[in-house]
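> Predicted model and sequence below, questions to follow.
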Amino acid sequence: MPATLTADTVAGSRERTAARASVALGPATATLARQKILAAVRSGDAFFAFFSPVVFFLCFYVPLHRQFELGGADYAQFLTPIILLQAGLFTAITATETAGHDARAGVHERMMSLPIPRVAPFLGRMAWVLTRMLLALAGGLVIGYSLDFRFHGSIADTVVFMALVVVFGLALSMLTDAVGTLARNSVSIASILMIPQLILVMASTGLVPAGAFPDWAQPFVRNQPMSVFADTLRGLAAGTGPELTAALIWSVCLLAAGWAAIVSAGRAQVNR
């Protein structure tokens, strides 16, 4: 009898494993991504993703462009990269709230009981993050182009420009998705994240050159990630063949940290 029970248990385990894997990763991710995107459209988040770069662009451009352009520079060309990077920061903050909402609503537990790969819910959320970044990129470029921002480099420079913007937002969103998944109050966490977002944007070369800051602050301003990405994006837009090493290193490190955070959050959920 014990042997029979053991065999039945093993058979049942195999059946559950087979049932769990009965929906392939691609279709499961596509279905969950579609649900997230439709929910974002209904809630207005998709609208906000497109138009928020427009609003922030005008908020910075209107008061600063006259002073900046006295030196003969085009402020729209200078400003557009940081607006797109700021959109990545806001996307990451939104990802915290989305993951936290799913956790509070018991979505993770329900997903774990379905016959889909465990990584599918995360990939579904990241599909919306990717869509949101593309919407923000489109909004930022529309307002930038209307105020004389232009790509003067090659097609390859333009592609790398857009890829860096998307990777920046995606990597940060992976980190914040993990935080939101485990946090008891993701809304509060998202509010707290607004503070470093503001510091990183204001204390960067995104709005004004590093020389406009006090001497003691300039090393931080020049070397923090927002400045590194903004300067690289400006070089790509200008077609001047900028040094990509620092931006690529930051991209790889952020992606690696994001993936490690997601893996740790997934293991913590399983152990709950």
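Yep, it's here. Numbering: from 1, shown residues only.
> Name the spans of the stretch 1-150 of the chain whose pLDDT lies under the cut-off.
1-21, 69-73, 105, 107-109, 111-112 (pLDDT under 70).
> again, only this time at 80
1-23, 25, 67-73, 100-118 (pLDDT under 80).
> so how many other residues sit close to T91?
Under the neighbour criterion other CB atoms under 10 Å, T91 is assigned a count of 27. The C-beta positions use only the backbone N, C-alpha and C, and glycine is treated the same way.
> Same question for V55.
V55 - counted by other CB under 10 Å - has 12 other residues nearby.
> Helix or strand: which one has it?
helix 45-69 (DSSP states H and E).
> for the residue positioned nearest the centre of the chain, what are its contacts?
Centroid-nearest residue in the chain: G169, 2.5 Å away (criterion: CA atoms, centre = their mean). Contact partners of G169, counting by CB atoms under 8 Å, 6 or more residues apart in numbering, are A87, G88, L89, T91, A92, V129, R132, M133, A136.
> Excluding sequence neighbours, find me the nearest residue to the fourth one.
It refers to T91. Distances taken as CB to CB, 6 or more residues apart in numbering place G169 nearest to T91, at 4.6 Å, with adjacent residues excluded.
> sec struct for the one you found, please.
helix (DSSP: H, G, I helix; E, B strand; the rest coil).
> possible to save the contacts of G169 as TSV with secondary structure and distance to S251?
Below are those laid out as TSV (DSSP: H, G, I helix; E, B strand; the rest coil; distance: CB to CB, whole Å):
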residue	secondary structure	distance to S251
A87	helix	16
G88	helix	11
L89	helix	15
T91	helix	15
A92	helix	14
V129	helix	15
R132	helix	18
M133	helix	14
A136	helix	17
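> wait, which of those residues is closest to L164?
Closest approach to L164 among the contacts of G169 (CB to CB): G88, at 9.8 Å.
> Any figure for the gap between that closest one and V119?
For G88, the distance to V119 (CB to CB, to the nearest Å) stands at 23 Å.
> who's more crowded, those two?
Between G88 and V119, counted using other CB under 10 Å, G88 has the larger neighbour count: 27 against 15.
> Now do the same contact list for A138.
Counted by CB under 8 Å, 6+ apart, A138 has contacts F50.
> Who's the closest spatial neighbour of S22, skipping the chain neighbours?
S22 sits nearest to P115 (CB to CB, 6+ apart), 4.4 Å away.
> For burial, what's the neighbour tally of that neighbour?
For P115, using other CB under 10 Å, the count is 13.
> How about V23?
16.
> Kindly indicate whether it is helix, strand or coil.
coil.
> The one 4 residues further on now?
Secondary structure assignment for P27 (three-state DSSP): helix.
> roughly how far apart are it and A127?
According to CB to CB, P27 stands 13 Å off from A127.
> Of these two, give the one with the bigger neighbour count.
Taking other CB under 10 Å, P27 and A127 do not tie; A127 has more neighbours (17 against 11).
> Which residues are in contact with that one?
So A127 contacts T29, L32, A33, K36, I37 (CB under 8 Å, 6+ apart).
> do the same with L32
Under the criterion of CB under 8 Å, 6+ apart, the neighbours of L32 are A120, P121, L123, G124, R125, A127.
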